[in-house]
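Chemist: All I have is the shape, not the residue letters:
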């Protein structure tokens, strides 16, 4: 065995060749990177630690692969690699744009890994943990909308002034050492890994006894002590290369480190493990590299190591997973990215998971229902249920954005189910359903033979409201909103109403029970001093149709959706008081008003707020308590005649008092301010 004495490079020695790593990031790695980018990295381009592994025992025609998988961001991989695998530590630099990816200086990026490698060598960390000589840098740009990844690996290698040479051709391990010596090397190497708790350990020293040739394996960190003992030794190193004449990249940096430490020559055993055998391993007599300038912290040697692409050019590679990925998953990633960009750039406190988990019930699948559903979907709401009893008619598709001409044929398809189907077509990840249901209404008597069916309809509506977090009232008549309003008031459910006339509109949130003596906001019916009645009776054609400027429905649908999102983002949620001043928010999205009443004639919007009306025909204590106490029996009386509501709420006495004032001669100032009167809002949303 050679001694450690100086051994100059002779004319017979040949430059030692090395096999570069071939990167092998699998699909699972790109999946994890995608999730990290969306949920953790966001817009940060800060370099981050990353981990990989390589194996030995590759055939000569196989590349020396550095593998990145699902655990690439888990530092525990360095201590939990599978048998026969070895760990490598790297740095990930993920850039936000293709322009920044193209513009970055490759030398600067590679220098990041080279500096870390050099510091590990000089500090002794790499001697204690030889895996650190397998440094790498990964530069990436992830196009998450197309699921295409651009990447470039750098495997920094220290380039000394005098490269490593071999004094003779490599020979097979079994040609130099006996079977007992090889067995001792292998068992000692495995025992050392276990003793150090480091299964990914990639290099050590085999001390050979000059008396009987027995081999004892010790950590590489014992190099100085072994040198001082004067005993012959060999350096054992895991080699990912399948070519005996050209060891892998980790061996290159290991030899450079030994040269920095003062060694000039060594016997190197390149371990190539095939199953439980080292039969493919080889022995090299190496003249170690050297530097003309003594190594130091300020002196960074020349480096090399950018990986070549499939065209054998030093340039980035591309991984296009769009064709192999589930298109639905691709859509989810793209939609989520759009929303997360809002949070990353503008609203760091925006609670997107809370929005996504909100279950919305849309009562009405007409013009308003279609537009609200699409706006909710854009915000990331994933659970939507439509309720409607109508069918798609020929006048609908031009105004109701979820229907097509084909939906009108053969008498028309059911609106609720068809709207749900179309929403699922737009975004398959939606959890959406449609329920054909005719909501019972005040002043709409139920025939005796249909009472049981009506009772079941009410029960279905109650279950639907129970199962959802937000209820949108988007039906085509005023009285059809009464029953859902009563149920929501009784169950303290968050309720949003949207309605429109020719050029007027209303978007409002109903108050919920506040508790602790706090007065709740009013509901849709709190501004009325009459009970809801059959508004469809004796209507002419123009009164039955929605005679409305086409843009109004989109406008008010957007307002209703934004009002809902702003409210659930408020610290008090649906119990939030009405905010009308610019500084009175409490929501990351700004104001949370009670009512938005507007007119596109003069493009005005009024922010109004009103408390709950004690005589309200829908949310007053008298109505809610009767509903909770008597259930369907009470509702059936209201369906037969809404006069009962005027009696139990006290509206009848109020009306009598108002009639008594009719005979008085009183002057009233004209309202010259304009604005929108509640009576200007027509609820008829359908034809």
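Modeler: Everything's here; your move. Since the structure is predicted, the reported quantities are computational estimates derived from the model, not experimental observations.
Chemist: Where does the prediction get shaky in the stretch 51-200 of the chain?
Modeler: Filtered on pLDDT under 70, the stretch 51-200 of the chain yields the residue ranges 77-83, 199-200.
Chemist: After the helix or strand of the chain with the lowest mean pLDDT, heading C-terminal, what element do we hit next?
Modeler: Every helix and strand in the chain was compared by mean pLDDT, DSSP states H and E; the lowest is helix 541-544, with a mean of 47. Counting by DSSP states H and E, the element after helix 541-544 in chain order, helix or strand, is helix 550-568.
Chemist: Any buried residues in the helix or strand just after that following helix, and which?
Modeler: Per DSSP H and E, the first helix or strand lying C-terminal to helix 550-568 is strand 595-599. Buried residues in strand 595-599, counted by 16 or more other C-beta atoms under 10 Å: 595, 596, 597, 598, 599. The way it works is simple: take the backbone N, C-alpha and C, and place the C-beta from them, glycine included.
Chemist: doesn't residue 304 make contact with residue 159?
Modeler: Yes - the criterion here is C-beta atoms under 8 Å, and residue 159 meets it with residue 304 at 5.5 Å.
Chemist: Does the strand or helix carrying residue 223 pack against any helices or strands, and if so which?
Modeler: Following DSSP H and E, the helix or strand that holds residue 223 is helix 223-229. Under the contact criterion of 3 or more C-beta pairs under 8 Å, 6 or more residues apart in numbering; DSSP states H and E, helix 223-229 touches strand 203-208.
Chemist: which helices and strands sit right next to the strand it packs on?
Modeler: helix 179-196, strand 215-219, helix 223-229, strand 233-238.
Chemist: same thing but at 10 Å, please
Modeler: helix 179-196, strand 215-219, helix 223-229, strand 233-238, helix 249-260, strand 265-271 (3 or more C-beta pairs under 10 Å, 6 or more residues apart in numbering; DSSP states H and E).
Chemist: Select, out of those, the one closest to residue 209.
Modeler: With C-beta to C-beta as the criterion, residue 209 lies closest to strand 215-219 of the helices and strands packed on strand 203-208, at 7.4 Å.
Chemist: who does the closest one pair up with?
Modeler: strand 203-208 (antiparallel) (DSSP bridges).
Chemist: list the contacts for residue 458?
Modeler: 439, 440, 483, 487, 631, 632, 635, 636, 639 (C-beta atoms under 10 Å, 6 or more residues apart in numbering).
Chemist: Which of the residues you listed sits closest to residue 291?
Modeler: Distances from residue 291 to the contacts of residue 458, taken by C-beta to C-beta, are shortest for residue 487, at 82.7 Å.
Chemist: Residue 468 is in contact with the closest one, correct?
Modeler: No - Residue 487 lies out of contact with residue 468 (C-beta atoms under 10 Å); the separation is 11.4 Å.
Chemist: Neighbour count for these two, which is higher?
Modeler: residue 487 (22 against 19; other C-beta atoms under 10 Å).
Chemist: Identify the residue spatially nearest to the more buried one, adjacent ones excluded.
Modeler: Ranked by C-beta to C-beta, 6 or more residues apart in numbering and with sequence neighbours excluded, the top spatial neighbour of residue 487 is residue 465, at 5.2 Å.
Chemist: Next: residue 157.
Modeler: residue 305 (4.7 Å).
Chemist: still on that earlier bit, what touches both of residue 487 and residue 468?
Modeler: Joint contacts of residue 487 and residue 468 (C-beta under 10 Å, 6+ apart) are residue 493.
Chemist: Past the helix or strand harbouring residue 333, which element shows up next along the chain?
Modeler: Using DSSP H and E, residue 333 falls within helix 327-345. Toward the C-terminus, helix 327-345 is succeeded by helix 352-357 as the next helix or strand (DSSP H and E).
Chemist: Just want the angle from the next helix or strand along the chain from that following helix to helix 550-568.
Modeler: Per DSSP H and E, helix 352-357 leads on to strand 359-363 as the next helix or strand towards the C-terminus. Calculated by axes from the mean of the first three to the mean of the last three C-alpha atoms, to 10 degrees, strand 359-363 forms an angle of 150 degrees with helix 550-568.
Chemist: Identify the residues contacting residue 86.
Modeler: 52-56, 78, 130-131, 134, 199-203, 237-240, 250, 271.
Chemist: What is the burial count for residue 60?
Modeler: Neighbour number of residue 60 under other C-beta under 10 Å is 12.
Chemist: and the gap between it and residue 53?
Modeler: 21 Å (C-beta to C-beta, to the nearest Å).
Chemist: quick one: buried residues of stretch 431-445?
Modeler: 432, 433, 434, 435, 437, 439, 440, 441, 442, 443, 444.
Chemist: what ranges do the strands span in the stretch 51-200 of the chain?
Modeler: 64-68, 85-95, 136-143, 148-159, 165-166, 171-172 (DSSP state E, counting those that start in this stretch).
Chemist: wait, which of the ones you listed is closest to residue 13?
Modeler: Going by C-beta to C-beta, the one of those nearest residue 13 is strand 165-166, 4.1 Å.
Chemist: I'd like the distance between the spatially closest residue to residue 622 that is not a sequence neighbour and residue 285.
Modeler: Counting by C-beta to C-beta, 6+ apart, residue 622 lies nearest to residue 648, which is 4.7 Å off, once chain neighbours are set aside. The spacing between residue 648 and residue 285, counted by C-beta to C-beta, is 104 Å.
Chemist: same question, residue 599
Modeler: For residue 599, the distance to residue 285 - C-beta to C-beta - is 93 Å.
Chemist: Of the contacts of residue 458, which belong to helices?
Modeler: 483, 487, 632, 635, 636, 639 (DSSP state H).
Chemist: If any of the residues you listed are buried, put those into a PyMOL selection.
Modeler: Here is the PyMOL command that selects the buried residues among these (16+ other C-beta under 10 Å):
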select buried, resi 483+487+632+635+636+639
